[in-house]
Each structure stands twice: as structure tokens, then as C-alpha cells.
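**Student:** could you look at this predicted model? Sequence included:
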Amino acid sequence: MRVLKNNRNYWKEFYKNKHINLPSDFANYTVNSIDFLTENVSIVDIGCGNCRDSKLLAAYSTDVTAVDYSAWNPSGEYKFIQSDIEDYIKKPCKHDIVYSRFFFHSISDKLIDKILRWTKEGLFAEFRVKGDKPILYTKHKRNFIDSNKFLQKLLELNYEILAFHVGRGLAKYKSEDPLVCRVIARKRKK
């Protein structure tokens, strides 16, 4: 299973009607905390949704690609590709950094594993974890990720962990304060 059942149609409809333009707290955290995010670095925002974080990332890098099957492209400040993520990652990764916010919990563990292996250098990810109980937008499936297993997988794949936080208060939205994991990691040189 690539994308969890019914999620593709759900998100297609969601992005027709929801136009959140401000970047997420995670995008702001990312651009303010990592020293290897430079103008020359290539970034792919997978599962980019309405590209609100892609727009902010494009202010820090001249090479940003936003990829999503269900999204729309509100700006020309980055390259937008409408694609299924599993199809997109069939080719070798040409991006220095894979950025993903609130996408991993919408896909299968098998696809997450493929993305972690596909990532060339850096990984910036935020996702819901086991123990979270959604209040808003509950009409789609979620894969609540075991953060300890995720961390173990990163270590097995030779990632250096630069930041790893699990908790609430990281992704508040309206009345919801989800339990999330924030990860910033870099593959070690072989």
C-alpha cells in the first residue's frame, strides 16, 4: 500500500477548499536551526500539500522542488511536480535534503522506509506518532508512527541525528495540539 486507502481523494478535495498560506512552525524551525541549509542546497518537499512550506524554503535555497499528487501550485518560486511519491522516488535522489511535514503519517511504513533509503543527504521531517488523537480533519486514515522504531531505522541506515523531539506544543493548529515527532538527520559519509 503506497498512500493509505482513501487519502489521495481526501487530500485532493481538502486542497481545493483550504488555502493556508503561512508556513508551518516546522518550516520556520527548519530554516532557523540548521547550518547546512544554504542557498546552493537542493531541497525536495515531498507531500507538499499546498506548497506553503515550499515557498518559505525557496527563500533560503534557489533549488526547491515541491512534489505532491493532490496539491495545487500557488506560486512560481519553486519547481512543482504533480506526482505520486512512490513514482517520484523510483529515480535516484538528486536533492541534498528531503523535507516532509505531516506526510509520513499518511503513507505506509514500507513507503517511509523507501524514502529514508532514497534520501541522499539530509532529512527534515515532522509527523504524528502513536498516542496522538486527532481532533480536526478526522475523515482520513493515518499511520501513527512509532517514534522509537523510526529512530532505530534512521540509525540502522547510518543517519546522524541532529534533532529528534517527540511531544506536544510543536504543531498547534486551532484547537488541536497533536503529538508529533520532529526529526532532522543527515546521512553519514561512507
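**Tutor:** Done, it's in.
**Student:** would you map the helices across this structure?
**Tutor:** Ranges of helices within the chain are 7-17, 25-33, 52-58, 85-88, 109-118, 147-156, based on DSSP state H.
**Student:** please work out which of these is packed deepest.
**Tutor:** Highest mean neighbour count among the helices of the chain (mean count of other C-beta atoms under 10 Å): helix 52-58, with a mean of 24. In short, each C-beta sits where N, CA and C put it, glycine included.
**Student:** surely residue 153 is in contact with residue 116?
**Tutor:** Yes - between residue 153 and residue 116 there is a contact at 6.3 Å, judged by C-beta atoms under 8 Å.
**Student:** how much space between the closest residue in space to residue 68 that isn't next to it in sequence and residue 146?
**Tutor:** In space, residue 68 comes closest to residue 48 once its chain neighbours are excluded; the distance is 4.6 Å by C-beta to C-beta, 6 or more residues apart in numbering. Distance of residue 48 to residue 146, computed by C-beta to C-beta, to the nearest Å: 25 Å.
**Student:** equivalent analysis for residue 84, please.
**Tutor:** Residue 84 is 25 Å from residue 146, by C-beta to C-beta.
**Student:** likewise residue 111?
**Tutor:** From residue 111 over to residue 146 (counting by C-beta to C-beta), the distance is 16 Å.
**Student:** so where is the protein shaky, pLDDT-wise?
**Tutor:** Low-confidence segments of the chain, defined by pLDDT under 70: 1-20, 34-39, 71-76, 134-140, 190.
**Student:** which residues in it form strands?
**Tutor:** Taking DSSP state E, the strands of the chain run over residues 42-46, 63-68, 79-82, 97-101, 122-128, 159-167, 180-187.
**Student:** can you add mean neighbour count and distance to residue 22 and give these back as TSV?
**Tutor:** Below are the strands of the chain laid out as TSV (neighbours: other C-beta atoms under 10 Å; distance: least, C-beta to C-beta, whole Å):
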stretch	mean neighbour count	distance to residue 22
strand 42-46	25	15
strand 63-68	24	16
strand 79-82	16	19
strand 97-101	25	13
strand 122-128	25	15
strand 159-167	15	21
strand 180-187	22	18
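**Student:** for those, give me TSV that also has distance to residue 141.
**Tutor:** TSV is the format used below for these (distance: least, C-beta to C-beta, whole Å):
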stretch	distance to residue 141
strand 42-46	18
strand 63-68	17
strand 79-82	22
strand 97-101	17
strand 122-128	12
strand 159-167	21
strand 180-187	17
